[in-house]
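[1] from the sequence below, what's the structure:
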Amino acid sequence: MHLRHLVVVAFAVVLSACASWDAEARVSPVPVPQEMRSSQFHVEVNGKPVDVAHAAASYDYVSVESSGPVTISITASEGGFWDRGVDVQPWRLGIRPERKGNTIEFKLKDAAKISISRPGDFLNHAHMLFVFVTRPVAVPSKAAMAQPGFHMIAPGMHKENLNPKSGETYYLAPGAVIVGSLNLWKVQNVKVLGQGVIVYNGPQNPADDDGWMQKENWHCIGALEAHHVEIHGVTCLVRSRTWSVQMKDSSDFVYDDLRVIGGNPGNANQDGMDWLGGGNTVVRDSFFRASDDVFAMQGNWDGYGHDAMVTPGHDVANITIEHSVLSTSVSNIVRAGWPTKTFSSHNFTLRDSDILHGGIGSCGPPFALFTFWGAKGAKGNHTGYTFENLWLDDWYSLFQMEQEQPGLDGFTFRNLWSLDQPPLVSSRLQGPVKDVHLENVKYGQATVNSDANLPARISGGAQEPTYSTGDKEVRAGFQFTPEVVQPGETVTFTADTAANPHARYTWLFGDGTTAVGQRVRHRFPDAKGSALDGTDANGSGRFRVLLHVEDKQGHQDWASQGVTVVSHWHDAGNLDPGIGSTAPGLEYHIYPGTWPEMPAFAKQAAMRNGIAANLADTDAGGFTRYAVAYDGFLEVPVEGGYSFHLLARDGARIILDGQVVAQTGPPFGEVCGSPVNAVRYALGTIGLRAGKHVLRIESLESISPAKPRLLWEGPGIRLAEIPASAFSHLNVAIVQARNTASISTAHP
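    Reported below is the predicted structural model:
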């Protein structure tokens, strides 16, 4: 049957199936053709099974409509899948599922687009499940379907491309799957509606980048000189190495409830949405999982040759992205510019959105929330970029901005809330960049107020950015007592009220519960943490506590603080003063070689030893490829639950009192010919009594010349580098001297 035929009977069957769903539950699952179903997860919504669809790479998804709250149950087919924990994002929703073996369960009070994986497991090989719960979507009336130019695509698989003509409307019924492309080629006044799916798996070279080409059937959605287009409710699944949604010299587009999920073996060259000239675009209430930049702007792109690169392009202007959820396995959330290119851009806004996973690594500059890469003779005026009301979960850096001439002017970062993780690398301004403003950019509870605090590097004549606390009407901040927390113990949380005594205070405790009020009391049920990754050995877990403050005028602010709950304490060591004492610094031992993973240090012979004041103070003696082990003690000032943040490129782990507290994931190589690895991040917790604790840090420097970094948080300590004064080691010289004196006394 030709896909453009109006199939009213099939559509009636879909409506009947949805209506037969439990009316009390008010849930309508979007059906998935058998050819697309996945067996990785079994999902139930309000006790009823729903179809799970395979998207791309190792990603699956579920889509349902619901007019009210839902309970979602997910069972992984792989045994022990959730043993390392469960990460439900966006974090600001405060979701912490209940786990029973291979099944997790949680409630959603409202419509949401969420990502479910295991803590820290969000790169290209991760097994991820995306869940889309939306409000019921209105279906076209019979009168609308009877209009000329209306096409209804029935449920089922359709191996054909969509090529609308000007003035036409396409409705993709729930369960309709187009295996091909949506081509918007020199058309206008086109609408594509419904809850259908476009699966794109094209002929692109999986080992190279030819996905940039502007030609039909080359993207999930491709547009050339198209204008006044609306796309609502469509899901794009992109399995080949190509740009997902590409618009060339096109304008006046509206994307609403668009879902783009892309993954390919090369983990590259698969942008979420690109503008090559044009603009006047609104993207709202959408979801993107990309394998490159989520959004990118260029004046043109006609190849990688020199002549193509230096040819001036058309302006890009007036783009608004809002109320969306954004994720990538590599690269930037937003990128504009490219070396040697000439074009101008104006009025870009990204607001009220969640940044789940910012790409890690670098292609030239490090990846960031926003990168402008105007190097090697790039030209153009770029003005009026605004990033506001953004929640940052896993991310790499805030911005990387470089331009040669004339420059960048007017960039505002307002109300950016990092909910748990610090930046992994520095931000940067280089060249003629001016009027960059940071208003209420927060890491946890602290507002960024300086280059050093960001951190940021300013060079090449760039103007210093300005820093401010932003909105004076509403400020979020809080304290809690006691600072030493155990399961079941009452903790009092008190919000700061000086600036906003009449605001509404909403608390999310990271254990799935909430409270309202300026001062509230709470008991944490266990020591497993928000991600259910607390371990029996360490006996502690970190809960991500969030405070949302909002007044009647809509001004808002957020604050976050990790609370480590302890069920098992690690006692400090008792050093016998008659046997030994300590001296400042850590002992280190260098083991030359290119180690793919941590060696069995006890079986290796160290080629160099020394004492380092801190982790950056090691002298490798000319060795450039080696493993290093640091040994000594960590002085814990007061008893409490401590969080340790570990950053390393080639791999590192921290061991306290014989327990592995944090270990970075496998090395993840940077791209674009870079020979080094990206910075990996790990977070771990442990309950420590006051005093000296046996410390060991193991690290690799196999291809990346960079030392690990170790930060901590604890009672009275906000996130900071561990000071050198906290490190010590056994003073062997004193021990030997005392032993010698003891022998002399015993044998005169």
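[2] low-confidence bits of this structure, can you list those?
    Where the chain drops to pLDDT under 70, the residues are 1-25, 499, 575-580, 732-748.
[3] could you rerun that using 50?
    Low-confidence regions of the chain, defined by pLDDT under 50, span residues 1-25, 734-748.
[4] per-domain residue ranges of it.
    8-134, 163-273, 293-470, 486-567, 582-733 (automatic domain parsing).
[5] could those be laid out in JSON lines, adding mean neighbour count and distance to A143?
    All C-beta spots, glycine's among them, are computed from the backbone N, C-alpha and C. Shown next, in JSON lines, are the domains of the chain (neighbours: other CB atoms under 10 Å; distance: least, CB to CB, whole Å):
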{"stretch": "domain 8-134", "mean neighbour count": "18", "distance to A143": "13"}
{"stretch": "domain 163-273", "mean neighbour count": "22", "distance to A143": "13"}
{"stretch": "domain 293-470", "mean neighbour count": "21", "distance to A143": "31"}
{"stretch": "domain 486-567", "mean neighbour count": "19", "distance to A143": "39"}
{"stretch": "domain 582-733", "mean neighbour count": "18", "distance to A143": "52"}
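[6] tell me what the residue lying closest to G534 once chain neighbours are set aside is bridged to.
    Take G534 and drop its neighbours on the chain: the residue closest to it by CB to CB, 6 or more residues apart in numbering is G541, 2.7 Å away. Residues in a beta bridge with G541, per DSSP bridges, are V565.
[7] who's in contact with G541?
    Taking CB atoms under 8 Å, 6 or more residues apart in numbering, we find G541 in contact with D526, A527, K528, G529, S530, L532, D533, G534, T564, V565, T685.
[8] likewise Q663?
    Contact analysis of Q663 by CB under 8 Å, 6+ apart lists L646, G651, A652, R653, I654, A682, G684.
[9] what's the answer for G374, then?
    Contacts for G374 (CB under 8 Å, 6+ apart) come out as G337, W338, P339, K341, G380, H382, E402, Q403, E404, L408, G431.
[10] next: L162.
    Y170, I178, G180, S181, L182, N183, V192, I198.
[11] redo that, cut-off 7 Å
    L162 sits next to Y170, I178, L182, N183 when contact means CB atoms under 7 Å, 6 or more residues apart in numbering.
[12] kindly indicate which of the contacts of G374 lies nearest V425.
    Proximity of the contacts of G374 to V425 was ranked by CB to CB; the top entry is E402 with 14.7 Å.
[13] what distance do you get for that closest one to A296?
    16 Å (CB to CB, to the nearest Å).
[14] all helices for the stretch 301-450 of the chain, in order.
    Listed in chain order, the helices of the stretch 301-450 of the chain (DSSP state H, counting those that start in this stretch) span 306-310.
[15] actually the stretch 601-748 of the chain, not the one I wrote
    Remark: helices assigned in the stretch 601-748 of the chain by DSSP H, counting those that start in this stretch are 732-746.
[16] can you pull out the strands in it?
    608-612, 626-636, 640-648, 652-656, 659-663, 680-688, 691-701, 709-714, 717-721, 727-730 (DSSP state E, counting those that start in this stretch).
[17] is it fair to say A143 lies in a strand?
    No. A143: not assigned to a strand; according to DSSP: H, G, I helix; E, B strand; the rest coil it is helix.
[18] how many neighbours does it have?
    8 (other CB atoms under 10 Å).
[19] chain center to stretch 236-255: distance?
    22 Å (CA atoms, centre = their mean, to the nearest Å).
[20] can you give me the end-to-end span of that stretch?
    12 Å (CA to CA, to the nearest Å).
[21] ditto for stretch 236-253
    OK, stretch 236-253 end separation, CA to CA: 16 Å.
[22] now for the contacts of Q663: which two are most distant?
    G651 and G684 (14.8 Å).
[23] right, and C363 touches G669 too?
    No. Applying CB atoms under 7 Å as the test, C363 and G669 come out as separate, 11.4 Å apart.
[24] picking that back up, can the domains of the chain go into a markdown table with extra columns for distance to H151?
    Putting those into a markdown table (distance: least, CB to CB, whole Å) gives the following:
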| stretch | distance to H151 |
| --- | --- |
| domain 8-134 | 12 |
| domain 163-273 | 5 |
| domain 293-470 | 28 |
| domain 486-567 | 41 |
| domain 582-733 | 41 |
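[25] which other residues reach stretch 98-115?
    69-76, 79, 81-82, 86, 88-90, 93, 95, 97, 128, 130-135, 287, 325, 327, 356, 512, 532.
[26] and it, how far out from the chain's middle?
    Worked out by CA atoms, centre = their mean, stretch 98-115 lies 19 Å from the chain centre.
[27] please apply the same query to stretch 519-526.
    Mean C-alpha position of stretch 519-526 versus that of the full chain (CA atoms, centre = their mean) differs by 28 Å.
[28] can I get it in CSV? Just the C-alpha atoms.
    The C-alpha coordinates for stretch 519-526 follow below in CSV (Å, rounded to 0.1, in the frame of the first residue of the first chain):
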residue,chain,number,x,y,z
ARG,A,519,13.1,25.0,57.4
VAL,A,520,12.4,21.3,57.0
ARG,A,521,13.4,18.1,58.7
HIS,A,522,14.3,14.9,56.9
ARG,A,523,15.6,11.4,57.5
PHE,A,524,17.6,9.6,54.9
PRO,A,525,16.4,6.0,54.7
ASP,A,526,19.8,4.4,53.9
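[29] using the three-state scheme, assign the closest residue to G211 other than its chain neighbours.
    Counting by CB to CB, 6+ apart, T242 is the residue found nearest to G211 once chain neighbours are left out, at 3.2 Å. Secondary structure for T242, judged by three-state DSSP, is coil.
[30] residues touching T242, list them.
    If you count contacts by CB under 7 Å, 6+ apart, T242 has them with G202, Q204, G211, W218, H219, Q270.
[31] let's see that with 8 Å instead.
    Contact analysis of T242 by CB under 8 Å, 6+ apart lists Y200, G202, Q204, D210, G211, W218, H219, N269, Q270.
[32] with secondary structure and distance to A111 as added columns, please give these in TSV.
    Below are the contacts of T242 laid out as TSV (DSSP: H, G, I helix; E, B strand; the rest coil; distance: CB to CB, whole Å):
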residue	secondary structure	distance to A111
Y200	strand	26
G202	coil	32
Q204	coil	34
D210	coil	38
G211	coil	32
W218	coil	33
H219	coil	28
N269	coil	32
Q270	coil	27
